[in-house]
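Asker: Starting from these lines, generate the structure:
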Amino acid sequence: MSAAGCSTYKPYKGTASYQAEDAELFFGRRVDAEQLLARVLSARLTLLHAQSGAGKTSLVNATVIPGLERRGWTPVRILPHTDPMASARTATLGTVLPPPEAEVAAIDRVLSALPAASEMTISELLHVYDSLDIRDLRKRSLIAPLGASHRRSLSEWGDLVPQFCRLLRSTIDVDAFASHIAAVRQGGDAALATGNAIDGSTSLTTLRELLDSEHLAIQYKTLLAYLDPPSKRLWPFLENLIQVYGERRPRFALLLVFDQFEEMFTRFVDPGTAAVLSIADLPDWRLRYQFFEELQEVYCGRLPASTIDGQPSPGGELPSIRFLISMRSEYIAQLGSIREFAPEIDQSVFHLQLLSKEGALDAIQEPARLYGYRYGKECYERIIEDLTKEERFVEPTHLSLICEKLWDEAGCERSANASPADVDGGIPEIGLDIYETRLKGAKGILRAFLRDYLDGLRDADERTESLELLEPLITGTGTRNIVERSQLIDVPFGKTERRKRLLQGLVNRTIVRIEIRLGGDFVEITHEFLISSIQEVMQEVFFANVEYQRLRAALQALRTLGSTYAGTDIEGTLPEHSFTTLHQNREKIEWTPTATDLMFRASICYGRDRETISAWSRAFAETGGDADVLAVLSRVERGDATRDILSAEELRKLNAVRQTTDLTPKQTAFVLRSQLAHGTPASEVDIRYWSMRAKA
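Answerer: Purely as a prediction, here's the structure:
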């Protein structure tokens, strides 16, 4: 294995959360995982809470979800996003009933990576997959979620984990997989469920043909229509799911995992009269209370005092649904609305502490061992010593980030050079000198995480714009905000393609992550600990840089004027200092017709040289201009222009009779613009004349 190859899938996740496909590399939480699973299996509603950075999401993804799948449950991870009800429905359908097209895409991914699989049965393929080395890139890539990049038609679902991927990772067996396919194929006809039964002897080619059949596609769409009623309420949706799909799947049971639940209190807030710009785009705070009412109806089977949307609440309960709420500890006091209908939540609580020293040692050593290298005793002891809090706890995210940096610096090379024949004493080792001397220890690594990325960008402008992308992702109170991707990309005067590239760079470095849900791509900072580093760098770049502050102020002035600009004023449209700053930075800005018109007028107003005026005249023409302003003189008032400016001949004829010609202010401004566009030393008198008429 080459060093370049092993760097694609690392043994450590850095700031990113562990996923189900990373379960083999998730260490240090065995006891916590067993205890949490026991609580979930013994209680209808469980509360998992921890401080930020303790690894709640990683524990849920890498242990709880796979562990429950092995026990026959279907866990659905749900994030609030901008509409928690819609999020719950979309996540549930995508988890329980991924489209057959997604199953086919997962199989095609296997056939591409393992060409011999086309001749294999399902049992043979599972054996081959299980035998892949953990360092083999295919080990995780073949079970990773499918995104829109695999099939454009799947984009509305966001990231999908097909049932076939769960079969590969052995969290469901062949019988469970076959049962799911039969439930889709049944379509109300039990005979269809037994024909062409799937088992371990079924060839992968036959399985693909079945999943790609037109009949299955029709049956899937029919079933999906039954499972996704028009009502936005959760109770009818979940009740229908249990009754329709659950009747076709023996022992079907759901666990709804509400992850990052603190966002119900940090994002769905009423800003009141103290609202500030940084929280102006938060979702409607009333959705929080609506969601709690929905959850109460699902949990209790009824609303004790009222109904929702004027509809009577159905009776009974849904015993095959359980709930896990995962959130930061500082917000659990705000769960009063849930305690009202589920007081037992306080009896089924699991508090996840930071890693113990023993857990931290496993989290350092075990992934390295699987990748064929190790840490020297002095090295791993110093790492744990540097990160230990209160003499007993280690923050998992900091630990993973440091180990990731050591992997990049030396581990990748050692893993690539490791030989299967190495005995214990010959295993390549990372020593204390690399950690302490070369990387300056834990403080140096953590401090350099963001700066290293920014320093690697092309120039100062890209560093600045990357910080501009991060700025809206931090609320006015210094917590993570979530913003729709288009709001970061499509900004006034921003170069869209450049911002797309810079945002993708932040994603690739796991500084931010993008969740594809509810028809949109939502962006957030990966972890709270990055916020202080981002704010520190923004302070240096944004507030200590006078030129940058001037540019921001000038762009704001341009944006404000452009929002109300009618295209009739010839002077005073833009302060001179703003014009000067914008002109100096014109190559950095994506210009609009209105903005170039304002700059063109300002260049005239402030008596700039002919070259500057001509440049903005050309820029205005290139951006298309405003049809009502840029019109042939006879059509200016009607707004049905077909040309940008008057021709030189038309100007000559007009100047010959200008003393007796009455023009509106709009027409006069248009003539002046045409005169400037054709400006020559001989036409200075004409330019001066039309300038005076425009000012009159």
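Asker: what's around the nearest residue to residue 462 once chain neighbours are set aside, how many residues?
Answerer: Excluding the flanking residues, the one nearest residue 462 by CB to CB, 6 or more residues apart in numbering is residue 502, at 6.2 Å. C-beta coordinates here come from the backbone N, C-alpha and C atoms, glycine included. Neighbourhood size, residue 502 [other CB atoms under 10 Å]: 23.
Asker: residues in contact with residue 502?
Answerer: The contact partners of residue 502, by CB atoms under 8 Å, 6 or more residues apart in numbering, come to 457, 462, 465-466, 469.
Asker: What does residue 326 show for phi and psi?
Answerer: With angles defined as degrees, to the nearest 10, residue 326 sits at phi -120, psi 130.
Asker: Touching, it and residue 55? I think so.
Answerer: No. The pair residue 326 / residue 55 is not scored as a contact, 10.8 Å apart, by CB atoms under 8 Å.
Asker: returning to that earlier point: what helix or strand is the residue nearest to residue 462 on?
Answerer: helix 496-508 (DSSP states H and E).
Asker: how about that helix: buried residues?
Answerer: Burial within helix 496-508, assessed by neighbour count using 16 or more other CB atoms under 10 Å, is assigned to 499, 502-503, 505-506.
Asker: The closest residue in space to residue 691 that isn't next to it in sequence and residue 694, how far apart?
Answerer: Leaving aside its chain neighbours, residue 691 sits nearest to residue 672 (6.2 Å; criterion: CB to CB, 6+ apart). From residue 672 over to residue 694 the distance is 5 Å, taken as CB to CB, to the nearest Å.
Asker: Break the chain into its domains for me.
Answerer: 20-351, 355-439, 447-544, 563-695 (automatic domain parsing).
Asker: got the end-to-end distance for the last one?
Answerer: Translated: domain 563-695. Length of domain 563-695, first residue to last, CA to CA, to the nearest Å: 23 Å.
Asker: Could I get the pLDDT score of residue 144?
Answerer: Residue 144 is assigned 93 on the pLDDT scale.
Asker: doesn't residue 21 make contact with it?
Answerer: Yes. Assessed by CB under 8 Å, residue 144 is found in contact with residue 21 at 5.1 Å.
Asker: which of these two has more neighbours?
Answerer: Legend: neighbour count by other CB under 10 Å for residue 144 and residue 21, higher for residue 21 (22 against 18).
Asker: All the helices of the stretch 501-650 of the chain, in order from the start?
Answerer: Listed in chain order, the helices of the stretch 501-650 of the chain (DSSP state H, counting those that start in this stretch) span residues 529-538, 546-564, 576-584, 593-605, 610-622, 648-656.
Asker: Deepest-packed of the ones you listed, please.
Answerer: helix 593-605 (a mean of 23; mean count of other CB atoms under 10 Å).
Asker: list the helices and strands it packs on?
Answerer: In terms of contacts (3 or more CB pairs under 8 Å, 6 or more residues apart in numbering; DSSP states H and E), helix 593-605 is packed against helix 546-564, helix 576-584, helix 610-622, helix 665-677.
Asker: ok, 7 Å please
Answerer: helix 546-564, helix 576-584, helix 610-622 (3 or more CB pairs under 7 Å, 6 or more residues apart in numbering; DSSP states H and E).
Asker: These: which one's closest to residue 15?
Answerer: Smallest distance to residue 15 across the helices and strands packed on helix 593-605 (CB to CB): 27.1 Å, for helix 546-564.
Asker: what does the closest one rub up against?
Answerer: By CB atoms under 7 Å, 6 or more residues apart in numbering, the residues outside helix 546-564 that reach it are 464, 492-493, 541-542, 573-575, 578, 581-582, 585, 594-595, 598.
Asker: and if you look at stretch 225-236?
Answerer: Residues outside stretch 225-236 that contact it (CB under 7 Å, 6+ apart) are 85, 88, 93, 97, 237, 240-241, 244-245, 294, 297-298, 308-309, 314.
Asker: What is the nearest of those residues to residue 321?
Answerer: Checking those one by one against residue 321 (CB to CB), the nearest turns out to be residue 298, at 7.1 Å.
Asker: Surely that closest one is within a strand?
Answerer: No. Using DSSP: H, G, I helix; E, B strand; the rest coil, the assignment for residue 298 is helix, not a strand.
Asker: doesn't residue 239 make contact with it?
Answerer: No. Using CB atoms under 7 Å, residue 298 makes no contact with residue 239, being 8.5 Å away.
Asker: which SS state does residue 201 fall under?
Answerer: coil.
Asker: which residue packs closest to it, ignoring adjacent ones?
Answerer: Closest to residue 201 by CB to CB, 6+ apart is residue 121, at 5.3 Å.
Asker: For the one you found, what are phi and psi?
Answerer: Torsion angles, degrees, to the nearest 10, at residue 121: phi -80, psi 170.
Asker: how near is it to residue 349?
Answerer: Applying CB to CB to residue 121 and residue 349 gives a distance of 46 Å.
Asker: Can you report how many residues lie near residue 251?
Answerer: Using other CB under 10 Å: residue 251 sits among 10 other residues.
Asker: Check the gap between residue 256 and residue 165 for me.
Answerer: Taking CB to CB as the measure, residue 256 falls 21 Å from residue 165.
Asker: Make JSON lines from the buried residues of helix 496-508 and add distance to residue 106 to it.
Answerer: Output for these, formatted as JSON lines (distance: CB to CB, whole Å):
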{"residue": "499", "distance to residue 106": "32"}
{"residue": "502", "distance to residue 106": "31"}
{"residue": "503", "distance to residue 106": "28"}
{"residue": "505", "distance to residue 106": "28"}
{"residue": "506", "distance to residue 106": "28"}
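Asker: Which secondary structure element is home to the residue nearest to residue 173 when sequence neighbours are not counted?
Answerer: Using CB to CB, 6+ apart and skipping the chain neighbours, the partner closest in space to residue 173 is residue 167 (7.6 Å). Residue 167 belongs to helix 163-168 when assigned by DSSP H and E.
Asker: just checking, what packs against that helix?
Answerer: Counting contacts by 3+ CB pairs under 7 Å, 6+ apart, helix 163-168 is packed against helix 100-113, helix 174-186.
Asker: got the buried residues for the first one?
Answerer: Of the residues in helix 100-113, those buried by neighbour count under the rule 16+ other CB under 10 Å are 100-107, 109-111.
Asker: Kindly report the same for the shortest one.
Answerer: Neighbour-count burial for helix 174-186 flags 174, 176-186 (criterion: 16+ other CB under 10 Å).
Asker: Next, format those as JSON lines and append pLDDT.
Answerer: Shown next, in JSON lines, are these (pLDDT from 0 to 100):
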{"residue": "174", "pLDDT": "95"}
{"residue": "176", "pLDDT": "93"}
{"residue": "177", "pLDDT": "95"}
{"residue": "178", "pLDDT": "94"}
{"residue": "179", "pLDDT": "92"}
{"residue": "180", "pLDDT": "93"}
{"residue": "181", "pLDDT": "94"}
{"residue": "182", "pLDDT": "92"}
{"residue": "183", "pLDDT": "91"}
{"residue": "184", "pLDDT": "91"}
{"residue": "185", "pLDDT": "86"}
{"residue": "186", "pLDDT": "77"}
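Asker: Now these in JSON lines, please, with extra columns for distance to residue 451.
Answerer: Output for the buried residues of helix 174-186, formatted as JSON lines (distance: CB to CB, whole Å):
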{"residue": "174", "distance to residue 451": "50"}
{"residue": "176", "distance to residue 451": "48"}
{"residue": "177", "distance to residue 451": "47"}
{"residue": "178", "distance to residue 451": "52"}
{"residue": "179", "distance to residue 451": "52"}
{"residue": "180", "distance to residue 451": "48"}
{"residue": "181", "distance to residue 451": "50"}
{"residue": "182", "distance to residue 451": "55"}
{"residue": "183", "distance to residue 451": "52"}
{"residue": "184", "distance to residue 451": "51"}
{"residue": "185", "distance to residue 451": "55"}
{"residue": "186", "distance to residue 451": "57"}
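Asker: Closest one of these to residue 200?
Answerer: Comparing the buried residues of helix 174-186 against residue 200 with CB to CB places residue 174 closest, at 5.1 Å.
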